[in-house]
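*Asks:* sharing a sequence plus its predicted fold:
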Amino acid sequence: AGQSLTDSFTYTLTDGDGSTTTASLVITINGNTDGGPTVTIPDSNAGSAGDMTVAETATATANSFTVSAPAGLASITVGGTNVTLAQLNALGGTPITITTGKGSLVLTGYNSSTGVVSYTYDPSVQSANSDVTDSITVAVTDALGATNNDSLDILITDSKPVATGDINNITEDAVPNTVTGNVITNDTVGADSNATPVTAGTFTNA
């Protein structure tokens, strides 16, 4: 791409009495600089880490990235899964699922005019007590074999438990002198399961 090549042809002109003359035709072929393939991953969570944010309790969330290949698109690779141009064009009817260690990314569509690849991402419930990032490599290969890649980084936020204060009462000197209740009825435990979510605190006599 971007190079110039020349091709020469020799030809002879002959008139009516047999006189001849020879000349050369030189054709210069100017190459076009198409540029290599690119991957553009938008930052849809500006101000936060990664390119996209989902809660660990979220269902499938839709987003997209864009690929371009001036020399012609051959394939893309997402999270190690190769997707041919034919498969890209068929995504509307035959989506492709890529399973990572932290969730599932489903390629759902491709616009050949704009290069936009649509997908959904569904996180797995995380056991970590902090936010985690699922980094998925996206590579594009053109018809000449050139490749470019970028990382789709999805921030999965941890769902923390939320405790809400409780109120109960008891009558002095009543028989029986007991009170019952459930302190987690109005609380949110979060997505991370815990067999014993409540830790005893201190008692304050008002």
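*Replies:* Happy to help now that I have it. Residues are numbered from 1 along each chain as shown.
*Asks:* which residues in the chain form strands?
*Replies:* For the chain, the strands defined by DSSP state E cover 4-14, 20-30, 38-40, 52-55, 61-68, 73-78, 81-84, 96-99, 103-111, 116-123, 132-142, 147-157.
*Asks:* reformat those strands as JSON lines; add distance to Asn177, mean neighbour count and mean pLDDT.
*Replies:* The C-beta positions use only the backbone N, C-alpha and C, and glycine is treated the same way. Output for those, formatted as JSON lines (distance: least, Cβ to Cβ, whole Å; neighbours: other Cβ atoms under 10 Å; pLDDT from 0 to 100):
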{"stretch": "strand 4-14", "distance to Asn177": "100", "mean neighbour count": "9", "mean pLDDT": "85"}
{"stretch": "strand 20-30", "distance to Asn177": "99", "mean neighbour count": "8", "mean pLDDT": "85"}
{"stretch": "strand 38-40", "distance to Asn177": "70", "mean neighbour count": "17", "mean pLDDT": "97"}
{"stretch": "strand 52-55", "distance to Asn177": "44", "mean neighbour count": "18", "mean pLDDT": "92"}
{"stretch": "strand 61-68", "distance to Asn177": "53", "mean neighbour count": "18", "mean pLDDT": "97"}
{"stretch": "strand 73-78", "distance to Asn177": "65", "mean neighbour count": "20", "mean pLDDT": "98"}
{"stretch": "strand 81-84", "distance to Asn177": "66", "mean neighbour count": "14", "mean pLDDT": "98"}
{"stretch": "strand 96-99", "distance to Asn177": "57", "mean neighbour count": "15", "mean pLDDT": "97"}
{"stretch": "strand 103-111", "distance to Asn177": "52", "mean neighbour count": "19", "mean pLDDT": "97"}
{"stretch": "strand 116-123", "distance to Asn177": "49", "mean neighbour count": "20", "mean pLDDT": "97"}
{"stretch": "strand 132-142", "distance to Asn177": "49", "mean neighbour count": "19", "mean pLDDT": "96"}
{"stretch": "strand 147-157", "distance to Asn177": "45", "mean neighbour count": "18", "mean pLDDT": "95"}
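*Asks:* so which of the ones you listed comes closest to Val175?
*Replies:* With Cβ to Cβ as the measure, strand 52-55 is the member of the strands of the chain nearest Val175 (49.0 Å).
*Asks:* can you name every helix or strand that the closest one contacts?
*Replies:* strand 61-68, strand 116-123, strand 147-157 (3 or more Cβ pairs under 8 Å, 6 or more residues apart in numbering; DSSP states H and E).
*Asks:* dump those into a markdown table; add distance to Ser48 as well.
*Replies:* Listed next are those as a markdown table, based on distance: least, Cβ to Cβ, whole Å:
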| stretch | distance to Ser48 |
| --- | --- |
| strand 61-68 | 14 |
| strand 116-123 | 15 |
| strand 147-157 | 6 |
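*Asks:* phi and psi next, for Ser44.
*Replies:* Here is the backbone geometry of Ser44 (degrees, to the nearest 10): phi -100, psi 10.
*Asks:* check contacts around the closest residue to it other than its chain neighbours.
*Replies:* Leaving aside its sequence neighbours, Ser44 sits nearest to Met52 (Cβ to Cβ, 6 or more residues apart in numbering; 5.1 Å). By Cβ atoms under 8 Å, 6 or more residues apart in numbering, the residues touching Met52 are 44-45, 61, 63, 121, 152-155.
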